[in-house]
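A.B. asks: Please work out how this folds:
(2 chains)
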Amino acid sequence: MDRFAWTNGLLEMNETLVIQQRGVKLYDGDDKAKLDVGVVLLTTHRLIWRDHKNHECCIALSLSQIIYFEEQAAGIGKSAKIVIHLYPVPSNKEPGPYQQSKFPYIKLSFKEHGQIEFFRRLTEEMTQKRWENTIPQTVSTATGSQTGKTRAVGIVGIERKIEQKRKETDKNISEAFEDLSQLMVKAKEMVELSRSIANKIKDKQGDITEDETIRFKSYLLSMGIANPVTRETHGSGTHYHMQLAKQLGDMLLAPLEERGGMMALTEVYCLVNRARGMELLSPEDLVNACKMFESMKLPLRLRVFDSGVMVVQLQSHSEEEMIASALDNVTDKGSLTAEEFAKLLGLSVLLSKERLLLAEKMGHLCRDDSVEGLRFYPNLF
Amino acid sequence: MHRRGVGAGAIAKKKLAEVKYKERGTVLAEDQIVQMSKQIDTFKSHLEEFASKHKQEIRKNSQFRVQFQEMCATIGVDPLASGKGFWSEMLGVGDFYYELGVQIIEVCLALKHRNGGKWLITLDELHQRVLKGRGKYAQDVSQDDLVRAIKKLKAMGNGFGMIPVGGSYLVQSVPAELNMDHTVVLQLAEKKGYVTVSEIKDNLKWERERSCHVLDDLLKEGLAWLDSQAAGEPQYWLPALFSEMSSRDVTPEEANQMTP
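C.D. replies: Sure, this is the predicted structure:
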């Protein structure tokens, strides 16, 4: 609805009214717009809507902003609608009733019918694009003699070429958007089907084998649909994640050893993706794969600290050793901040801080939290 | 001993249930899964067709990416959830954003190692630095792209977050505890890059103690630097907000003159 702008409702030069229909309510995407019922007018150039009581309340959008539109049949208690998909808001748009909208489409709800004829006329206007005919048809002065074809030369000719190029690009984009919209309609069907299946699994309507569950999960993964099924056969993992876990198990051993047995997950993400070069892992792929380390008996573990920091650590990594060495270092130097500790060990500040915090949690260190920073001392209590 | 699901009785029961469901017109879940597997194949070929025509559009046109993402969100699909997803594999959206994620992490890591350990920066600054890192032949990347990439990074729990400030965002790359009070003071300081105790008291109507407490926290976290020699009252400067005003980094000498 943020594509609409306020208007006085008067027609421009060359603009003609094609059809109007009363009893129309506007929708911002799927939500009812905060406007009353009104009259919708289709002209050769614009789609205008006017409140049926307050004629001052009048808004419009250009037909050129429409990418694609479709009918939505009436249902029980629901009027028939036309759904109109729109281009993003142009930067020079005049003010309108909505500052912003999370929806790239609006709906016209025909409470007093008339949608069939309106749809037909809208289709006609969108096909003919009569609003484009108002580009000035100036005659170009040809400096060379060209028989037959009219060659556009001179400044006007150049402008026209640019205009043509723009129309072509627009057409490409427009086609891309149209194709995209249609693709999305199909994707939406998949989403709804998957929700229906998930509900049935929950309600146990039917007998799903483990194989079928795994297959279902892989469909969800392929489509990018969040997994609503909480059955923990393999966590939210799929065969894909199991494979990944194995690969990570091999790939990370050496780097982990080099870094004292522990790496932040973001570090792992960068390392792995830089190595892959393409067909990269998503952050979620990485997390889901790491969650499977234990069940797949790999010598790595995913660990989440209290602070929320996630790390991958070697299973052989000893907690006690880590804490003991932290205590040694701090005692040795009298006190340490996370930065100083990091420099000492050659670790990241993030992980150094986690070690100090852990040692503190176990009661071996205590903190001095001042304006100068957070410093750790051996706990003498 | 009872064994569930086995034996003639159990089989008959299952058949009966199936018939009952089918009579009622309820489709069984396993039948729907079969249906879904067919639809997946069909969808995959539609997506392939779309990709063959418009794959370039996604990579080249940031507006198109925004539309694409919004449409996906509207129907309940996350095209970036997995590198194994169709969207990622066939449209290449995944690689674009996941690589961006790597670049964002690397930029933030590099900044943290600098003097002062900057782990809070404006989205603008992040944008500039990422673009620089990508080189002049790389694809253009918009701030919307960055925001989406950062949202995905959150899955790795490393404290990546975004704080709305002055119409844009501050990007946080460390799991520090910034509560509402801290955030609000940051937002207040956004216009000038610094804030004073009086300004906090006047604008937010807090008491002195609360104002000072929050400023102390920010000092502790290294987010604020105190200029005690400012005319009037001490000013608390926030380097995270500096990027617009001074594009060069503070030198070690300058840093020593300010009290961190």
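A.B. asks: Could you check how many residues crowd around A:Trp87?
C.D. replies: Rather than Trp, residue A:87 is Tyr. By the criterion of other CB atoms under 10 Å in any protein chain shown, A:Tyr87 has 19 neighbours. For every residue, glycine as well, the C-beta is placed using N, CA and C.
A.B. asks: Could I get the contacting residues of it?
C.D. replies: With contacts defined as CB atoms under 8 Å, 6 or more residues apart in numbering or on different chains, A:Tyr87 is in contact with A:Arg3, A:Gln65, A:Ile66, A:Ile67, A:Phe177.
A.B. asks: Mind listing what's buried along the host helix or strand of A:Arg50?
C.D. replies: In this assignment (DSSP states H and E), A:Arg50 forms part of strand A:46-51. Across strand A:46-51, burial judged by 16 or more other CB atoms under 10 Å in any protein chain shown covers A:Arg46, A:Leu47, A:Ile48, A:Trp49, A:Arg50.
A.B. asks: Can the helix or strand hosting A:Arg160 be said to contact chain B?
C.D. replies: Using DSSP H and E, A:Arg160 falls within helix A:154-203. Yes. Part of helix A:154-203 sits near chain B under the criterion CB under 8 Å from any CB of the partner chain, namely A:172-173, A:175-177, A:179-181, A:183-184, A:186-191, A:193-194, A:196-197, A:200-201.
A.B. asks: Among the residues you listed, the buried ones, what's the PyMOL command?
C.D. replies: Per 16+ other CB under 10 Å, the buried members of those correspond to this PyMOL selection:
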select buried, chain A and resi 173+176+177+179+180+181+183+184+187+190+191+193+194+197+200+201
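A.B. asks: next SSE after the helix holding A:Arg160?
C.D. replies: Counting by DSSP H and E, the element after helix A:154-203 in chain order, helix or strand, is helix A:210-223.
A.B. asks: B:Glu207 and B:Val214, how far apart?
C.D. replies: 11 Å (CB to CB, to the nearest Å).
A.B. asks: same deal with B:Leu91?
C.D. replies: 45 Å.
A.B. asks: Kindly report the same for B:Phe50.
C.D. replies: 51 Å.
A.B. asks: Same question for A:Asp285.
C.D. replies: For A:Asp285, the distance to B:Val214 equals 39 Å [CB to CB].
A.B. asks: With A:Met251 instead?
C.D. replies: Distance from A:Met251 to B:Val214, by CB to CB: 44 Å.
A.B. asks: Looking at the two, which has the bigger crowd around it?
C.D. replies: The neighbour count for A:Met251 versus B:Val214, taken as other CB under 10 Å, is higher for B:Val214 (24 against 15).
A.B. asks: Against which helices or strands is the strand or helix carrying B:Ala149 packed?
C.D. replies: B:Ala149 is part of helix B:143-153, with elements assigned from DSSP H and E. When contacts are defined as 3 or more CB pairs under 8 Å, 6 or more residues apart in numbering or on different chains; DSSP states H and E, helix B:143-153 packs onto helix A:283-290, helix B:62-75, helix B:93-112, helix B:123-134, strand B:160-165, strand B:168-173.
A.B. asks: Please identify the most buried of the ones you listed.
C.D. replies: Scoring the helices and strands packed on helix B:143-153 by mean neighbour count under mean count of other CB atoms under 10 Å in any protein chain shown gives helix A:283-290 as the most buried, with a mean of 25.
A.B. asks: Would that helix count as contacting chain B?
C.D. replies: Yes. For helix A:283-290, a contact with chain B is found by CB under 8 Å from any CB, at A:Pro283, A:Glu284, A:Asp285, A:Leu286, A:Val287.
A.B. asks: Show me which of those residues is closest to B:Tyr98.
C.D. replies: B:Tyr98 lies nearest to A:Pro283 out of these, by CB to CB, at 7.7 Å.
A.B. asks: For the closest one, give me its contacts.
C.D. replies: A:Tyr269, B:Tyr98, B:Gly101, B:Lys152, B:Leu153, B:Lys154, B:Ala155, B:Met156 are the contacts of A:Pro283 under CB under 8 Å, 6+ apart.
A.B. asks: So the third one is in contact with B:Ala155, correct?
C.D. replies: What it means is B:Gly101. No. When contacts are counted by CB atoms under 8 Å, B:Gly101 is not listed as touching B:Ala155 (10.0 Å).
A.B. asks: Need the contact partners of the helix holding B:Ala149.
C.D. replies: Contacts for helix B:143-153 (CB under 8 Å, 6+ apart): A:266, A:282-284, B:62, B:65-66, B:69, B:80, B:96-98, B:100-101, B:104-105, B:123-124, B:126-127, B:130, B:160, B:162, B:168-169, B:171.
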